[in-house]
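Trainee: fold the following for me, if possible:
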Amino acid sequence: MYVDPKKVGDEGIVIYDADLQWRQILTRELHVAGFAHVTQTATAKEALQAIRDSAAGAIITQHDLDLIAFLRTHKASPNRDIVIILVTAELAAADIIAGRDSGVTEIVAKPASVDQVIKHLYEALTHPRRFIDAKSYHGPDRRRHLRDYDKPERRGGGKAAVSDDT
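Mentor: Below is the predicted model:
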């Protein structure tokens, strides 16, 4: 996959995964693709410190919803708007919904190829979705395609934009 280094070369990326071999392969391929600043971490604590130290714009993480919730909602979060790519084998509907509702930017199913991860990361960095900051949710807008809704709005009048995914 082609990655324009001008768009991502300075972007800090943190990889948080317990699997050392996966971290090393992903790091190498991210460097080859043009990502200059990649940090590997094996624990959530290390990941948070790496985000603080590098002012990272993205994290590629294993299935750790506590870390994701901390990043999105806690006042001590080093970056509430960080791009979060969740690479997970937890594929039950409840797991996917929990990940989505926690504020992940993208979910990539294991077994995942490095190209899949890089594609999702690059897309999230170069075409960011607007963020929603509500009482019960902070994260990227989950609607991918907006279209006009031509029926009466039942939540307060007017027209609304809705997702094609509904």
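Trainee: the closest residue to D101 other than its chain neighbours and L71: what is the separation?
Mentor: Spatial nearest neighbour of D101, chain neighbours left out: Y137 (7.1 Å); criterion: Cβ to Cβ, 6 or more residues apart in numbering. The C-beta positions use only the backbone N, C-alpha and C, and glycine is treated the same way. Y137 is 13 Å from L71, where distance means Cβ to Cβ, to the nearest Å.
Trainee: likewise for D150?
Mentor: Applying Cβ to Cβ, the value for D150 to L71 is 38 Å.
Trainee: show me which of those two is the more surrounded one.
Mentor: Using other Cβ atoms under 10 Å as the criterion, D150 and L71 rank with L71 on top: 27 against 7.
Trainee: which element is the residue nearest the centre of the chain on?
Mentor: With distances taken as Cα atoms, centre = their mean, the residue of the chain nearest its centroid is I84 (2.1 Å). Using DSSP states H and E, I84 maps to strand 83-88.
Trainee: equivalent analysis for G139, please.
Mentor: Short version, using DSSP H and E: G139 is in strand 138-140.
Trainee: what of I15?
Mentor: Taking DSSP H and E as the definition, I15 sits inside strand 12-16.
Trainee: what's that strand packed up against?
Mentor: Identification of packing neighbours for strand 12-16 by 3 or more Cβ pairs under 8 Å, 6 or more residues apart in numbering; DSSP states H and E yields helix 20-33, strand 37-41, helix 44-54, strand 58-61.
Trainee: how about those in JSON lines, adding mean pLDDT?
Mentor: Conversion of the helices and strands packed on strand 12-16 to JSON lines gives the following (pLDDT from 0 to 100):
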{"stretch": "helix 20-33", "mean pLDDT": "94"}
{"stretch": "strand 37-41", "mean pLDDT": "96"}
{"stretch": "helix 44-54", "mean pLDDT": "95"}
{"stretch": "strand 58-61", "mean pLDDT": "96"}
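Trainee: which of these is buried the deepest?
Mentor: The highest average neighbour count among these, using mean count of other Cβ atoms under 10 Å, belongs to strand 58-61 at a mean of 26.
Trainee: following element in sequence after that strand, please.
Mentor: Assigned by DSSP H and E, the successor of strand 58-61 is helix 65-73.
Trainee: and that following helix, what's buried?
Mentor: Using 16 or more other Cβ atoms under 10 Å as the test for burial, helix 65-73 gives 65, 67-72.
Trainee: which strands and helices sit next to it?
Mentor: Packing partners of helix 65-73 (3+ Cβ pairs under 8 Å, 6+ apart): helix 44-54, strand 58-61, strand 83-88, helix 93-102, strand 138-140.
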